[in-house]
Structures are given as structure tokens and as C-alpha cells.
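Engineer: Provided below for reference: sequence and predicted model.
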Amino acid sequence: AQSVTQLDSQVPVFEEAPVELRCNYSSSVSVYLFWYVQYPNQGLQLLLKYLSGSTLVKGINGFEAEFNKSQTSFHLRKPSVHISDTAEYFCAGQTGANNLFFGTGTRLTVIP
Amino acid sequence: DTAVSQTPKYLVTQMGNDKSIKCEQNLGHDTMYWYKQDSKKFLKIMFSYNNKELIINETVPNRFSPKSPDKAHLNLHINSLELGDSAVYFCASSQAPGYYGYTFGSGTRLTVV
């Protein structure tokens, strides 16, 4: 079975500091990987996606992620966070014609 | 112009009632989905429709019945609501089954009292 695991349920970080949100995947077949963000009381917005090709993918709002096949990871990074980045972040995967499956989310809190 | 719109945004109702949540997408996508987000923020797929036909029906009580009058609409009807149905329900769409990149609606927060 395919799955993604988000290793941290909560990540507090000071404003302008770098952040890394961790995600590991498990799949016996090729997998597409995504990061979504959910701001308070809002829907899910796609931050970035990895389909194939370059393992470093850049997304919106200054976020990037690196696909690492040997470590089965797809960690999300931002070099300098803002207060407005406070949100819930979801790693997600998709294989073949199957539906999108999600991790349990990481709550990023940016401290002024 | 909202790509995937859900109504209502909030829904508070008593146990035992029947309620519906509506979803519409104007992206021309063929596939639509319902996801449930529980109190711990975990998102799990409930249903998937492709061009008005059901293709995924996860382990969901049969009190939940999706209906797709056309490929731009996927409504969710819930009978005999229970306290455990309280959650946020998200509608989403994609170009085709398995096509990467879902577009999500803003969610419907259902509270059963």
C-alpha cells in the first residue's frame, strides 16, 4: 500500500528563520508527490508538485522541495519564513490512476 | 471566478437530520471527489466520480450518498446525521482519474449537535 508520513505534527519557528517540514513516502511503484497548504478556515492550495525530472522543485511563496529516491523523502523547505506562512501543511502522494492520499499534516507556527 | 465552489461553508444541524452539500466546478474537469477532514486534520477520500459515474467508494456509511447530475456538479447527501459526522468536507476536481493536481474547494464545516 502507498502512504506518506509527516514526521512532525507541529513545527514552531521564528520569523525570518529557515524551516524544513519532513515527509517520507512508501510506494512500490512510481509516485507523484505534492505539498498542499491550508490556511486557517480555508481550503487546500497546491504549493508544489514532483512528477518527474529535476528532483528540486520550486513552488509558490518561496517554498521548494527535494525528491530523494534513496531516502524516500520529499521534504519542504523555505529559507526565511514570514508570519503569513503560519498554516497547516500536507504532504500528499498519487500513484497511477489512484486517488490522492495525504499525510497527517504539519502545523507550522511562525513566531514573531 | 471560483474554480471549485462548495455550499454551504458552514452547516450546523441536529442529530438525525438529513442534509446536503453542493459542489460545482467550472474548470471543465471530468473527475470530482469528496474528501473528509476529521478533527485531527486527517484527510481521507470518500468518493470519486468520473463523468457522472462512481469510480471510488471508500468505506463510508451508506447514509452518505453522492449524486452527480452532470460532470460539473457533485453533491453529497447525508441521511440520519450522527455526532461523528462532524468534520470538514472538501470537494475537489481533476482533469481525469489519476491525473495529477487536484483543485480543492474551500470546504464545508459540518457540525452535528
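Structural biologist: Now that the structure is in, tell me what you want to look at.
Engineer: residue A:107 bridge partners, please.
Structural biologist: residue A:10, residue A:88 (DSSP bridges).
Engineer: please enumerate the strands of the chain.
Structural biologist: In the absence of a named chain, this looks at chain A. A:3-6, A:10-14, A:19-21, A:23-26, A:32-38, A:44-50, A:56-58, A:64-68, A:73-78, A:87-94, A:101-102, A:106-111 (DSSP state E).
Engineer: my bad, chain B
Structural biologist: Going by DSSP E, chain B shows strands at B:4-7, B:10-13, B:19-25, B:31-37, B:43-50, B:53-57, B:64-70, B:73-78, B:87-94, B:103-104, B:108-112.
Engineer: could you find the closest non-adjacent residue to residue A:68?
Structural biologist: Take residue A:68 and drop its neighbours on the chain: the residue closest to it by Cβ to Cβ, 6 or more residues apart in numbering or on different chains is residue A:55, 6.9 Å away. C-beta coordinates here come from the backbone N, C-alpha and C atoms, glycine included.
Engineer: repeat for residue A:46
Structural biologist: Nearest one to residue A:46, counting by Cβ to Cβ, 6+ apart, is residue A:36 at 5.8 Å.
Engineer: write out the residues of chain A neighbouring chain B.
Structural biologist: Counting by Cβ under 8 Å from any Cβ of the partner chain, the residues of chain A close to chain B are A:32, A:34, A:36, A:38, A:42-46, A:49, A:51, A:88, A:90, A:94, A:96-102, A:104-105, A:107.
Engineer: quick check: residue A:5 touching residue A:27?
Structural biologist: No: in this structure residue A:5 lies outside contact range of residue A:27 using Cβ atoms under 8 Å: 11.7 Å.
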